[in-house]
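> Following is a predicted model, sequence given first.
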Amino acid sequence: MYPEPTLQHDISLRDFNTFGIAARARHYLRITAEGQLAAVLADPALAALPRLVLGGGSNLLLTGDFPGLVLHMANSGREIAGETGHHVLVRAQAGENWHGFVEWTLGQGLGGLENLALIPGTVGAAPIQNIGAYGLETKDVFHSLTAFDPATGTLRTLDGAACRFAYRDSIFKHEAGRGLIIVDVTFALPRAWRPNLRYAELANALAQGGSAEPTARQVADAVIAIRRRKLPDPAVIGNAGSFFKNPVVSAAQCSALLERFPDLVHHRQEDGTEKLAAGWLIDQCGWKGRTLGAAGVYPKQALVLVNHGGATGADVRRLAQAIQADVQARYGVLLEPEPVFV
Ligand SMILES: Cc1cc2nc3c(=O)[nH]c(=O)nc-3n(C[C@H](O)[C@H](O)[C@H](O)COP(=O)(O)OP(=O)(O)OC[C@H]3O[C@@H](n4cnc5c(N)ncnc54)[C@H](O)[C@@H]3O)c2cc1C
C-alpha cells in the first residue's frame, strides 16, 4: 500500500531548519504517507521516544541535539475536494510546500490564499500558529483538517472552532492538541473572490503599479515583491522570519506608554486592546543590526534574528533573551518568541 519508512539514526538537522542550526536527531523517519504513522507508532519502542513532528523547519529554534524521534512530514498531494454554496474546497497533504500550494490554487483560477504567498514551510504547519500576513490569517480561509492522534491511533477531523485559532496560536500549541499530527488541511476559497487590501502597504503597492482592480495573481506578485524586499532569504542567511510576536496590551497600558513615548507604534484591535509593533520596540532599544556571537538582528528588519554562520541555538536564545530584557526594562512589555524552541 505504502512504502515502509526507513528508520535512520544520528541525522544532521542542519538542512532541515531555516536557521541552519547544526543540531542532530537521535532517530529520524521521513513520512511519505499518512498510513505510515499508525504503523510506526504501533511500535512501543518508537512510540515511547520523545517526538518532534517536523515540516519545513522554518518556525523552529533547535537549542540542542534532539534525543528522540523526528517524524519529518513529506506526504504530498493536492486536490479540489468539493464545493459548498459559496466556496470551493481545496485540500493538500501536510508535507506539501506552502508556497507551492498557494501557486497551485492560483493556477486553478482560485483566489483566496494569495496574501499568504511565499511564507516558507509546509501546509501541515500552517494551522499550528495560524500563519498570517498582509491582512489574512489561516483561520479566514480554513475549512477543516485531518490529524492523527497518537493516543488513540486514529484519525480525527477538526473544524475551525475545534482548532481554536487566535493570533499566531491554535489548539496545537496547547496541552489539548499538542500531540496531534496534522496529515492534511482543507481550505474554503470564495467563488466570488475580492482582493483583500486591508494591509495599507499592499494596497499602496498595487495602486502605484496601476492595479486598481487587481487579480489574485497580481496580489500574489505584489506580496512576493514586498516580502523579497523586506525579509532575508533563509537560503542565503539563516532565520525563522519574525522572531517575536507583536505584543498585545490593554488600552490603559498603551495610553500610559504613549505619554512617555509619543511615537509608539500601536494598532487598536477589535476587542479594544492594542497591538504594539515588536520590531519598533527592538529597534528603539538599539538592537537593529547588532550581533552577539554568530547570531544577530537583521539590519533591515529588527524583528528578524539571523544566523551569520555557525550560530548554535543557544547563541540565538542568548540574543533573544538580551533583547527581551532590554524591551522589558524600557517599555515594561515582555516579548514572546514566535518560533517553537526544541
Ligand atoms: C523568511 C520567513 C518568513 C516567514 N514569514 C511568516 C509570516 O509572514 N507569517 C507567519 O505566520 N509565519 C511566517 N514564518 C514562520 C513559518 O514560515 C511558519 O510558521 C510556517 O507555517 C512553519 O512551517 P514549517 O513546515 O516550516 O514548520 P516547522 O518549523 O517544521 O514546525 C513548526 C511547529 O509546527 C509543528 N508541526 C509542523 N508540521 C506539523 C504537522 N504536520 N503536524 C503537527 N505539528 C506540526 C512542529 O512540531 C513545530 O512545533 C516565516 C518564516 C521565515 C523563515
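Happy to help now that I have it.

> Let me see the mean pLDDT of the longest helix along the chain.
Ranked by residue count and defined by DSSP state H, the top helix of the chain is helix 313-331. What helix 313-331 shows for mean pLDDT is 97.

> now stretch 104-115
98.

> now for it, what's the gap between its first and last residues?
The straight-line separation of the ends of stretch 104-115 (CA to CA, to the nearest Å) is 14 Å.

> Residues touching it, excluding its own?
Counting by CB atoms under 8 Å, 6 or more residues apart in numbering, stretch 104-115 makes contact with 78, 80, 88, 90, 92, 101-102, 133-136, 141, 187, 189-190, 193, 195-196, 199, 202, 215-217, 219-220, 223, all of which sit outside it. For glycine as for every other residue, the C-beta is placed from the backbone atoms N, C-alpha and C.

> And the pLDDT for the residue nearest the centre of the chain?
Centroid-nearest residue in the chain, with CA atoms, centre = their mean: I131, separated by 4.9 Å. As predicted, I131 sits at a pLDDT of 97.

> i'd like the first residue to be 16 from this point on
From this message on, residue numbering opens at 16, which makes the last subject I146.

> count of residues packed around the closest residue to H101 other than its chain neighbours?
Nearest in space to H101, with sequence neighbours left out and distances taken as CB to CB, 6 or more residues apart in numbering, is R206 at 5.7 Å. Using other CB atoms under 10 Å, the number of residues around R206 comes to 13.

> So which bits of this protein are right by the ligand?
33, 67-75, 88, 109, 134-137, 139-141, 143-144, 146-148, 187, 196-197, 246, 249, 254-256, 355 (CB under 6 Å from any ligand atom).

> let's go with 5 Å and repeat that
Contact residues (CB under 5 Å from any ligand atom) of the chain with the ligand: 33, 68-75, 88, 109, 134-137, 139-140, 143-144, 146, 148, 196-197, 246, 249, 255-256, 355.

> Now, of the contacts of stretch 119-130, which are buried?
93, 103, 105, 107, 116-117, 148-149, 151, 156, 202, 204, 208, 210-211, 214, 217, 231, 234-235, 238 (16 or more other CB atoms under 10 Å).

> For the stretch 216-357 of the chain, give me the ranges with low pLDDT.
Within the stretch 216-357 of the chain, not a single segment meets pLDDT under 70.

> which residues sit in contact with the residue of it at minimum distance from the ligand?
The ligand sits closest to G256 of the stretch 216-357 of the chain, with a gap of 2.5 Å, by CB to the nearest ligand atom. Contacts here follow CB under 8 Å, 6+ apart; on that basis G256 touches S73, N74, I134, P135, L246, V319, E353.

> Enumerate the positions of the longest helix of the chain that are buried.
For helix 328-346, by 16+ other CB under 10 Å, it's G328, D330, V331, R332, L334, A335, I338, Q339, D341, V342, Y346.

> Specify the local secondary structure of P142.
Assigned state for P142: coil (three-state reduction, DSSP: H, G, I helix; E, B strand; the rest coil).

> what do you get for the one 3 residues further on?
With three-state DSSP as the basis, N145 sits in coil.

> which ones are touching it?
N145 neighbours (CB under 8 Å, 6+ apart): E152, T153, K154, C178, F180, A181, Y182, R183, D184, S185.

> Mark which of those residues are part of helices, please.
Per DSSP H, helices hold the following members of the contacts of N145: T153, K154, C178.

> what's the burial count for the spatially closest residue to the second one that is not a sequence neighbour?
Put plainly, it is K154. Once flanking residues are discounted, K154 sits nearest to F180: 3.8 Å by CB to CB, 6+ apart. Counted with other CB under 10 Å, the neighbours of F180 add up to 21.

> what's the distance between F180 and V321?
Relative to V321, F180 is positioned 29 Å away (CB to CB, to the nearest Å).

> For the longest helix of the chain, name the packing helices and strands.
In terms of contacts (3 or more CB pairs under 8 Å, 6 or more residues apart in numbering; DSSP states H and E), helix 328-346 is packed against strand 75-76, helix 293-299, strand 306-307, strand 310-312, strand 319-322.

> Could you dump those into CSV and include mean neighbour count and distance to A62?
Shown next, in CSV, are the helices and strands packed on helix 328-346 (neighbours: other CB atoms under 10 Å; distance: least, CB to CB, whole Å):
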stretch, mean neighbour count, distance to A62
strand 75-76, 24, 22
helix 293-299, 21, 38
strand 306-307, 16, 39
strand 310-312, 24, 35
strand 319-322, 26, 33
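
> and the ones you listed as TSV, adding distance to Q268?
Converted to TSV, the helices and strands packed on helix 328-346 look like this (distance: least, CB to CB, whole Å):
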stretch	distance to Q268
strand 75-76	28
helix 293-299	13
strand 306-307	29
strand 310-312	25
strand 319-322	26
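
> Brilliant, that's me finished.
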